[in-house]
Each structure stands twice: as C-alpha cells, then as structure tokens.
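**Q** coordinates only, sequence not included:
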C-alpha cells in the first residue's frame, strides 16, 4: 500500500500540474486529483503516526485526526471561496457520517475479523457520547428549528454565536482531556497498550518535513479539484449534496480511514476509536465553526443551516455509534451494522 501511494504521488502530482496548465478534460482531472489527494493523505497519515507513537493513543488519535481533517479544511476553504456553500456543508455532513459509520464501521469490522472481541476506554466512549450529542443535536438541530422564523441576517448572527460557543467548548474539552483530567480515567487496556514500545517509521525531522510538503501539495491539488465539481456533477448526474457527502468526504478523510483501520487490525482500538470519534468532534466543533467565521470574509457567508436529510442522517449516525460503542467493546457484527447504515444513507443521498 505504501509503494502504491508513492507511485500515485510521483505520477499524480506532475499530471495534476500538466493537466491544469493544458486544461485537460474535467472528468479525467477530477479522477487524477482525487487519487493524488488520497495518496498524499496516506503520507500525512504515516507522518502523523510516526510523530504520535511515543505520545499515547489519545494524543496520537488527535494528531492523526487533526492533520487528516486539514485536507478537508483546505478543500472546504477553496469551495467556500468559490461560493459552493452547499458542497461545503454537505462535505462536513459526509465527514460526520463517514467517520462514525464508514471509518468506525470498517475499524470494528476489520478488527473483529481478527479478534472475536476488542475493547477500548469506556470512559472515553461515555465522554465522547455527551460531546457528540451536544455537537450535533444541541448545536445543529435546535438552532435549525429557531432559524425557521429568522431572516438571513439574524440567521447568520445566530450561526456566528453558535460557532464561537462550539470552538470554546472544543478547546475546553481538550483542556479537560489532556491537562486537568489527564490519566484520571485511564483503563487497564490503555495502560497495557502504552507499555508496548513501537519504533516510528520515520524520525521526527523527516516526518515533519514530509507532513509539511504533503499538506502544501494537498492545498495545490484541492484548489484545482474544486473547479471540476460543476462539470463532473453535470456529467454523472450527481447533485452537490452527493458530491459533498460521499465524494469529497471520502477523499478528504482518506488519511483517517486508512490509519483507523490499521490501528484496529493491530488491536489498538483506543487509537482507532479516537480517530473516528475524535475526528467527528473536531469537524463539528472546530472545523465547521472556523469555516462559518471565515465565510464572513468571502462574498457569500455560510450560515450554520443544514437540510433536514443532512440533520436526520447525522443524528441517526450519532445515536447508532453511541448505542454500539457505549459499552467499551466491539465486534465485527457491530461494524457491519454501522457500514450498512452508511450504505443506506449513501443510496438515499444519491437519489436526492
């Protein structure tokens, strides 16, 4: 897989530059851009994993999720600049569904095929459950109800207020987890994992250089990827909703997808769950609010208003993940259940 990513990067990057200069077919370039971003995301995942090996599952999961979400943040900023508000909101919805149902489901399923029973921190699972309910149900659904009677200006004011609250609470959650209550709710499973030493694939300096170069390359390719959305959507009959929820979300979160599944296969479920759920929380409580605030500087502002299919899908994904993970253990059938839910929602969004 690593060799494949390397080949895709060394072929995909030159083709991305040449194709954008000579204006190749938008459909062909869309495929090249997507494959290149996925390969670059693989390098981002490997670099962050090398940096995180000595830092423990929580920090490792957070680091992986942060740089994995950086890809989607970059794509979303360029889409926002282009006025593609629907695609931005849809891609963030897709991140929630993809992380909880696709990444979480594949992690539980793949790990469950190798191990009949896998466990992770029940305290983290319960903490994340409360955060997920707040981030999606309280911060997204309830404002949607109130903004039905507001004009565009007041809706944007409410959105900015919610965005600021989400960012403050997310930073407070990091303070709680990594400073004031670090190690307080540590389970034997986490302690045992921390005792197993593992050599990083790359040294610190090399990992930082690769991380910086890969992120810069993603920024370049993402800007050109956004320009192909209109033509590709018209060619294949894809709506903005489907492109954002399925295509952009999968491409943008490729690094987390690969890393979480690998961690589950290695029976490092605390890291896998932290990547899947932690990435969701970071998207809903930090990335999305940042985009709402950034949109104030563009020609088209982005209110924190989703469509009802998006909201209902996110709420369903959150409740299903909480129900399955709240006991602190997993198996392949639970993973298959999450995957089935993702496929059902994907079919629904395709036909909208």
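**A** Noted; the coordinates are in hand. Keep in mind that this is a model prediction, so the values were computed, not measured.

**Q** neighbours around the closest residue to residue 291 other than its chain neighbours, how many?
**A** Using CB to CB, 6 or more residues apart in numbering and skipping residues adjacent in sequence, the residue nearest residue 291 is residue 76, 5.6 Å away. Any C-beta I mention is one placed from the backbone N, CA and C, and that applies to glycine too. By other CB atoms under 10 Å, 31 other residues sit near residue 76.

**Q** go on, residue 244?
**A** For residue 244, using other CB under 10 Å, the count is 29.

**Q** what pLDDT does residue 41 get?
**A** Looking at residue 41, its pLDDT stands at 77.

**Q** got it, and the one 4 residues further on?
**A** Looking at residue 45, its pLDDT stands at 74.

**Q** Check the one 3 residues further on too.
**A** You'll see residue 48 listed with a pLDDT of 73.

**Q** Would you mind measuring from it to residue 290?
**A** From residue 48 across to residue 290, the span is 20 Å (CB to CB, to the nearest Å).

**Q** One more: residue 267?
**A** From residue 267 to residue 290 the distance is 34 Å (CB to CB).

**Q** What of residue 75?
**A** When residue 75 is compared with residue 290 (using CB to CB), they lie 14 Å apart.

**Q** quick one: which of these two has more around it?
**A** residue 75 (27 against 16).

**Q** Just the strands from the stretch 101-250 of the chain, written as ranges.
**A** 118-119 (DSSP state E, counting those that start in this stretch).

**Q** in which helix or strand would I find the nearest residue to residue 99 once chain neighbours are set aside?
**A** With sequence-adjacent residues excluded and distances taken as CB to CB, 6+ apart, residue 99 is closest to residue 280, at 4.4 Å. Using DSSP states H and E, residue 280 maps to helix 269-282.

**Q** Could you give me the buried positions within whichever helix or strand comes after that helix?
**A** Using DSSP H and E, the helix or strand that follows helix 269-282 in sequence is helix 288-294. Buried residues in helix 288-294, counted by 16 or more other CB atoms under 10 Å: 288, 289, 290, 291, 292, 294.

**Q** from those residues, which is closest to residue 87?
**A** For those, the minimum distance to residue 87 (CB to CB) is 11.8 Å, reached by residue 291.

**Q** From residue 14, how far off is the closest one?
**A** 31 Å.

**Q** Can you show me the helices along the stretch 251-352 of the chain?
**A** For the stretch 251-352 of the chain, helices defined by DSSP state H, counting those that start in this stretch occupy the ranges 254-265, 269-282, 288-294, 308-325, 332-350.

**Q** most tightly surrounded among the ones you listed?
**A** Burial of the helices of the stretch 251-352 of the chain is given as mean neighbour count (mean count of other CB atoms under 10 Å); helix 269-282 ranks first at a mean of 29.

**Q** between the strand or helix carrying residue 9 and helix 254-265, how many degrees?
**A** Using DSSP H and E, residue 9 maps to helix 2-22. In terms of direction (axes from the mean of the first three to the mean of the last three CA atoms, to 10 degrees), helix 2-22 departs from helix 254-265 by 170 degrees.

**Q** In the stretch 1-150 of the chain, where is pLDDT below threshold?
**A** Within the stretch 1-150 of the chain, the segments meeting pLDDT under 70 span 1, 52, 54-61, 64-65, 68.

**Q** Could you rerun that using 90?
**A** Applying pLDDT under 90 to the stretch 1-150 of the chain flags the ranges 1-10, 20-23, 34-35, 37-92, 94-95, 98-99, 103, 116-117, 119-128, 135-150.

**Q** which residue ranges form the helices in it?
**A** Under DSSP H, counting those that start in this stretch, the stretch 1-150 of the chain gives helices at 2-22, 26-52, 56-81, 85-97, 104-114, 122-132, 142-146.

**Q** okay, the ones you listed in JSON lines with distance to residue 306 next?
**A** Formatted as JSON lines, the helices of the stretch 1-150 of the chain follow (distance: least, CB to CB, whole Å):
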{"stretch": "helix 2-22", "distance to residue 306": "32"}
{"stretch": "helix 26-52", "distance to residue 306": "24"}
{"stretch": "helix 56-81", "distance to residue 306": "15"}
{"stretch": "helix 85-97", "distance to residue 306": "6"}
{"stretch": "helix 104-114", "distance to residue 306": "21"}
{"stretch": "helix 122-132", "distance to residue 306": "16"}
{"stretch": "helix 142-146", "distance to residue 306": "7"}
